[in-house]
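[1] Structure of the sequence below:
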Amino acid sequence: MSEEEMEIPQDTEKEAAGPEQLLSEKVAQLSKEGYHLLKEEQLQEAEECFFKILEIEDDNNYALVGLGDTARKEGKLNKAIKYYQRCLELYKSNNYALFGLADCYKAMNQYNKAIKIWEEYLLQDENNITVLTRVADAYRKVRSFKKSKDIYLKVLELEENNAYALIGLGHLHYDFKEFREALFYWEKIVELNRDHVDIRVLTSIGNCHRKLKTYEEGLKFFHMALELDPDNFYALFGLADCYRGLNKNEDSLECWHRILKNDPDNKVILTRAGDAYREIGDLDNAEMYYTKALNIEFDSFAVIGLALLNKARGNYHEAIDSLSSLILNDPRNHRLYSEMAECYLALGEKNKAVDILNEFQKKGMHSMYVTRLLEKIKSGRS
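    Numbers count the residues shown, from 1 in each chain. Reported below is the predicted structural model:
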């Protein structure tokens, strides 16, 4: 026999392979192709690959998870959940199915279900930072302060300057009105990322200063945010509100107008602009902006603004009528009672002023301003 006759063709091994091996290789190739397509956001093509796998192996965990991931990326969360659950029925501890299932529940705001799944995941991988931060975030969403904080701090023990944990701790303390503590964590993010700070961190710090009434400090961070995005709504809103807190109403007006340029039908901003015009004594423009807001949709703050315009113009009866109607819908708003009392005083109706303030207090509510106004009237100093 010649050497040529003895030569083995290159594909002889494949020909010699059994049908099971060939199917296994085909499944592996389809799986590889499917996940590549999934990564490239070619979702329909990825789904087709995973279905082809199931035609060969109807219990293939890679295909079931792949179909779950595809459906989740398409926003079809209930469909994704079915695939993940089917996978977990067959492979109880499949990490990828657990992760995907928990993310589905999180996206559906079913945080307690998500927590349960993530904690099952952590039984196998207790120091997985990605999962730990997700669990901490979920506990924050259900307002479980201690559990959330403890897990964020565990992440920081594993990775000292983990950005997700620092940002999460900032949000956690902010949610519970612990603004100085929130500042501590968010400012640390700024220190660690001076050259590329996330604009959301800057506006969050600015909002802490707004809440603390340290408006000058707030201005600094909102200006930094606007350097990154000159039209950022949250930065402009925060900047305007800081100027308002500093009684710089002309500056706040400039910011309100910058927002309205991009969002002319925002009734909240129209009302804020009306307030600013009222504060600087431009009552006609104030009325125009309040009316614009009310033409879009009812807004109690715009109605209050118009009532205060009537009060400023000496139209006390009209102001009282507006404030009375607002009290029916917002009986705990002390400002409505005090503004109405001041209208009665301007009309010389002292007893009615006392009555309306007493009505507020009889409801079991307390306001330092209402108390002082009552004392002022009763002492004859009004």
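[2] Helices along the stretch 151-300 of the chain, start to end?
    163-175, 179-192, 199-212, 215-228, 233-245, 249-262, 267-279, 283-296, 300-312 (DSSP state H, counting those that start in this stretch).
[3] got TSV for those helices, with mean neighbour count and distance to residue 345 too?
    Bear in mind the C-beta positions are built from the backbone N, C-alpha and C, glycine included. TSV is the format used below for these (neighbours: other CB atoms under 10 Å; distance: least, CB to CB, whole Å):
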stretch	mean neighbour count	distance to residue 345
helix 163-175	21	40
helix 179-192	18	37
helix 199-212	22	33
helix 215-228	19	32
helix 233-245	23	27
helix 249-262	18	26
helix 267-279	23	20
helix 283-296	18	21
helix 300-312	20	11
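[4] I'd like these as a markdown table, with distance to residue 330 and mean pLDDT appended.
    Listed next are those as a markdown table, based on distance: least, CB to CB, whole Å; pLDDT from 0 to 100:
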| stretch | distance to residue 330 | mean pLDDT |
| --- | --- | --- |
| helix 163-175 | 25 | 97 |
| helix 179-192 | 26 | 96 |
| helix 199-212 | 22 | 97 |
| helix 215-228 | 27 | 97 |
| helix 233-245 | 21 | 98 |
| helix 249-262 | 24 | 97 |
| helix 267-279 | 15 | 97 |
| helix 283-296 | 16 | 97 |
| helix 300-312 | 6 | 95 |
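[5] Pipe these into JSON lines and attach distance to residue 119 per row.
    What follows is the helices of the stretch 151-300 of the chain, written out as JSON lines (distance: least, CB to CB, whole Å):
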{"stretch": "helix 163-175", "distance to residue 119": "17"}
{"stretch": "helix 179-192", "distance to residue 119": "24"}
{"stretch": "helix 199-212", "distance to residue 119": "28"}
{"stretch": "helix 215-228", "distance to residue 119": "36"}
{"stretch": "helix 233-245", "distance to residue 119": "34"}
{"stretch": "helix 249-262", "distance to residue 119": "43"}
{"stretch": "helix 267-279", "distance to residue 119": "40"}
{"stretch": "helix 283-296", "distance to residue 119": "46"}
{"stretch": "helix 300-312", "distance to residue 119": "43"}
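[6] which one of those helices lies closest to residue 48?
    Distance to residue 48, taken as CB to CB, is lowest for helix 163-175 among the helices of the stretch 151-300 of the chain, at 34.9 Å.
[7] Dump that closest one to PDB, restricted to CA.
    C-alpha atoms of helix 163-175 as PDB (Å, rounded to 0.1, in the frame of the first residue of the first chain):
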ATOM      1  CA  ALA A 163     -18.500  53.300  44.100                       C
ATOM      2  CA  TYR A 164     -21.800  51.500  44.100                       C
ATOM      3  CA  ALA A 165     -21.700  51.100  47.900                       C
ATOM      4  CA  LEU A 166     -20.600  54.700  48.500                       C
ATOM      5  CA  ILE A 167     -23.400  56.000  46.300                       C
ATOM      6  CA  GLY A 168     -25.900  53.600  47.800                       C
ATOM      7  CA  LEU A 169     -25.000  54.700  51.300                       C
ATOM      8  CA  GLY A 170     -25.400  58.300  50.300                       C
ATOM      9  CA  HIS A 171     -28.900  57.600  48.900                       C
ATOM     10  CA  LEU A 172     -29.800  55.500  52.000                       C
ATOM     11  CA  HIS A 173     -29.000  58.300  54.400                       C
ATOM     12  CA  TYR A 174     -30.600  60.900  52.200                       C
ATOM     13  CA  ASP A 175     -33.800  58.800  52.100                       C
END
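[8] helices or strands next to it in the packing?
    Judged by 3 or more CB pairs under 8 Å, 6 or more residues apart in numbering; DSSP states H and E, the packing partners of helix 163-175 are helix 129-141, helix 145-158, helix 179-192, helix 199-212.
[9] how far out from the middle of the chain is that helix?
    Distance, stretch centre to chain centre, for helix 163-175: 12 Å (CA atoms, centre = their mean, to the nearest Å).
[10] any idea of the angle it forms with helix 179-192?
    160 degrees (axes from the mean of the first three to the mean of the last three CA atoms, to 10 degrees).
[11] which residues touch helix 163-175?
    Under the criterion CB atoms under 8 Å, 6 or more residues apart in numbering, residues 133, 136-137, 140, 143, 145, 148-149, 152-153, 155-156, 159, 179, 181-183, 185-186, 188-189, 192-193, 201, 204, 207-208 lie in contact with helix 163-175.
[12] what's the longest helix in the chain?
    In the chain, with assignment by DSSP state H, the single longest helix is helix 19-39.
[13] in that one, what counts as buried?
    27, 30-31, 33-35, 37-38 (16 or more other CB atoms under 10 Å).
[14] Alpha carbons of it, in CSV - could you do that?
    Taking Å, rounded to 0.1, in the frame of the first residue of the first chain, the C-alpha atoms of helix 19-39 are listed here in CSV:
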residue,chain,number,x,y,z
PRO,A,19,-24.0,11.2,16.7
GLU,A,20,-24.1,12.2,20.3
GLN,A,21,-20.7,13.9,20.1
LEU,A,22,-21.8,15.7,16.9
LEU,A,23,-25.0,16.9,18.6
SER,A,24,-23.0,18.0,21.6
GLU,A,25,-20.7,20.0,19.4
LYS,A,26,-23.6,21.6,17.6
VAL,A,27,-25.2,22.6,20.9
ALA,A,28,-21.9,24.2,22.1
GLN,A,29,-21.6,26.1,18.8
LEU,A,30,-25.3,27.3,19.0
SER,A,31,-24.8,28.3,22.6
LYS,A,32,-21.6,30.3,21.8
GLU,A,33,-23.4,32.0,18.8
GLY,A,34,-26.5,32.7,20.8
TYR,A,35,-24.7,34.5,23.6
HIS,A,36,-22.6,36.5,21.1
LEU,A,37,-25.8,37.7,19.4
LEU,A,38,-27.3,38.5,22.8
LYS,A,39,-24.3,40.6,23.7
